[in-house]
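S.K.: sequence below, structure please.
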Amino acid sequence: MNSDAIWQNEYPFTSRWHEADGHRYHFISEGAGDQTILAVHGNPTWSFYWRNVVQRFSDSRRVVAVDHIGCGMSDKPQEYDYCLETHAANLSSLIEAEDLRRITLLAHDWGGAIGLLALTKHVDRFERIVLLNTGAFPPPYVPWRIGVLRCPVLGPLAIRGLNAFAGPAVTMAMSRRSLSPEARAGLLAPYKNWADRVAIDRFVQDIPMSPSHRTWQPLERLEAALPSLSHLPTMLIWGMKDWCFRPECMDRIKKSMPHAQTVPIADAGHYVMEDATEEVLDSIGSFFQSTDAPSATSATSHPST
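M.R.: All right, here's what the predicted structure looks like:
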């Protein structure tokens, strides 16, 4: 069997393309309606990570899921300005080109910072925020398993040559259960060789360790902007067994966004959408129901749990 056939039945969506920064930026857009879910992935995943969201919600909303440049089915230029602000600018350009409105931001891992930065440029287009195991601030720590991959020479050799980031993630990012063969194949499908893994490596290099790093200040500004988003109903869904974005990351976002509802999932890992699929989807569905209600006119209508 063709290895791609293993996962393609779980991702039966039409590919679409947007020109971003001179490159082909892949996204899917399924469903219809006047409300949009904008699903933003992290590292080392891609829009495949959101396939169950598309299946659950595209009957009532438009679901748009992107692949950052260098990821998924997007172009993978070898010489490119891979950084947080560039990814956010590309996402912003898609929001404008597709004229997305009444958006729920749904984001995971690096997608949280990327999506929130884009949101701050287009606040009037957004209605809700749902964040899964992410960060929106300069990192207070870097897990040693990631830190060792930041070495200037050995890091790229490991990540790009030995697949030492995306490969182990299909096991290490789970806690409750193992990924299905289809999910494992799908998550790894776009990252088959050295050239394919360029953005995975550059995401790791973009983790700022000090204020002198180019991405430190954008993250600092983003954290400072979070309280200004209190008018947007917000939900934080967290796999509490995540060794990367640990529970204190949820607590730190909650400190800046005290209006946010929290949904801790005690035995789920970093790939919380894979590890606790039904709980995540049900939580999102309940959140939509409560915030779609006529009485839900502000974030203050949704007390924290």
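
S.K.: residues of the lowest-mean-pLDDT helix or strand in the chain that come out buried?
M.R.: Every helix and strand of the chain was ranked by mean pLDDT, DSSP states H and E. The lowest is helix 144-147, at a mean of 82. Neighbour-count burial for helix 144-147 flags residue 146 (criterion: 16 or more other Cβ atoms under 10 Å). In this view, the C-beta of every residue, glycine as well, is placed from N, C-alpha and C.

S.K.: and the next helix or strand past it?
M.R.: Downstream of helix 144-147, the first helix or strand assigned by DSSP states H and E is helix 154-156.

S.K.: CA-only coordinates of the helix or strand just after that next one in PDB, if you can.
M.R.: Using DSSP H and E, the helix or strand that follows helix 154-156 in sequence is helix 166-172. Provided in PDB are the C-alpha atoms of helix 166-172 (Å, rounded to 0.1, in the frame of the first residue of the first chain):
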ATOM      1  CA  ALA A 166       8.900  15.100  14.500                       C
ATOM      2  CA  GLY A 167       9.700  11.400  14.800                       C
ATOM      3  CA  PRO A 168       9.900  11.100  18.600                       C
ATOM      4  CA  ALA A 169       6.900  13.500  18.900                       C
ATOM      5  CA  VAL A 170       4.400  11.000  17.700                       C
ATOM      6  CA  THR A 171       5.200   9.000  20.800                       C
ATOM      7  CA  MET A 172       6.400  11.500  23.400                       C
END
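
S.K.: contact partners of helix 166-172?
M.R.: 44, 145, 178-179, 183-184, 187-188, 191, 197, 200, 243, 269-271 (Cβ atoms under 8 Å, 6 or more residues apart in numbering).

S.K.: and it, average pLDDT?
M.R.: If you average the pLDDT over helix 166-172, you get 96.

S.K.: how about stretch 188-203?
M.R.: Stretch 188-203 comes out at a mean pLDDT of 98.

S.K.: list the buried residues in the lengthiest helix in the chain.
M.R.: Scanning the chain for the longest helix, with DSSP state H as the assignment, gives helix 277-292. By 16+ other Cβ under 10 Å, the buried positions in helix 277-292 come out as 277, 279, 280, 281, 283, 284, 287, 288, 291.

S.K.: give the other helices and strands that that helix contacts.
M.R.: helix 51-57, strand 126-134, strand 234-239, strand 261-265 (3 or more Cβ pairs under 8 Å, 6 or more residues apart in numbering; DSSP states H and E).

S.K.: who are the packing partners of the second one?
M.R.: Right, the one you point to is strand 126-134. Short answer (3+ Cβ pairs under 8 Å, 6+ apart): strand 126-134 packs on strand 103-109, helix 110-121, strand 234-239, helix 247-256, helix 272-275, helix 277-292.

S.K.: strand partners (parallel or antiparallel) of the third one?
M.R.: Applying DSSP bridges to the sheet, strand 234-239 is found paired with strand 126-134 (parallel), strand 261-265 (parallel).

S.K.: returning to that earlier point: make CSV from the helices and strands packed on strand 126-134 and add mean pLDDT and distance to residue 219 to it.
M.R.: Converted to CSV, those look like this (pLDDT from 0 to 100; distance: least, Cβ to Cβ, whole Å):
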stretch, mean pLDDT, distance to residue 219
strand 103-109, 98, 14
helix 110-121, 98, 6
strand 234-239, 98, 17
helix 247-256, 98, 12
helix 272-275, 98, 22
helix 277-292, 97, 25
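
S.K.: wait, which of those is closest to residue 60?
M.R.: helix 277-292 (8.4 Å; Cβ to Cβ).

S.K.: next, the buried residues of stretch 223-233.
M.R.: Counting neighbours by 16+ other Cβ under 10 Å, the buried set in stretch 223-233 is 223, 225, 226, 229, 230, 232, 233.

S.K.: so the first one sits against residue 140, correct?
M.R.: This points to residue 223. No - if you go by Cβ atoms under 8 Å, residue 223 and residue 140 don't touch, sitting 11.2 Å apart.

S.K.: now residue 234, which residues is it bridged with?
M.R.: With DSSP bridges as the rule, residue 234 is bridged to residue 129.

S.K.: surely it touches residue 258?
M.R.: No - between residue 234 and residue 258 there is no contact under Cβ under 8 Å: 9.8 Å.

S.K.: of these two, who's got more company?
M.R.: Applying other Cβ atoms under 10 Å to residue 234 and residue 258 shows that residue 234 carries more neighbours, namely 26 against 12.

S.K.: which residues does that one contact?
M.R.: 128, 129, 130, 131, 257, 259, 260, 261, 299.

S.K.: what number of residues are in the vicinity of the third one?
M.R.: Looking back up the chat, that one is residue 130. Residue 130 has 26 nearby residues by other Cβ under 10 Å.

S.K.: cool, residue 266 as well?
M.R.: Quick note: residue 266 (other Cβ under 10 Å) scores 11 neighbours.
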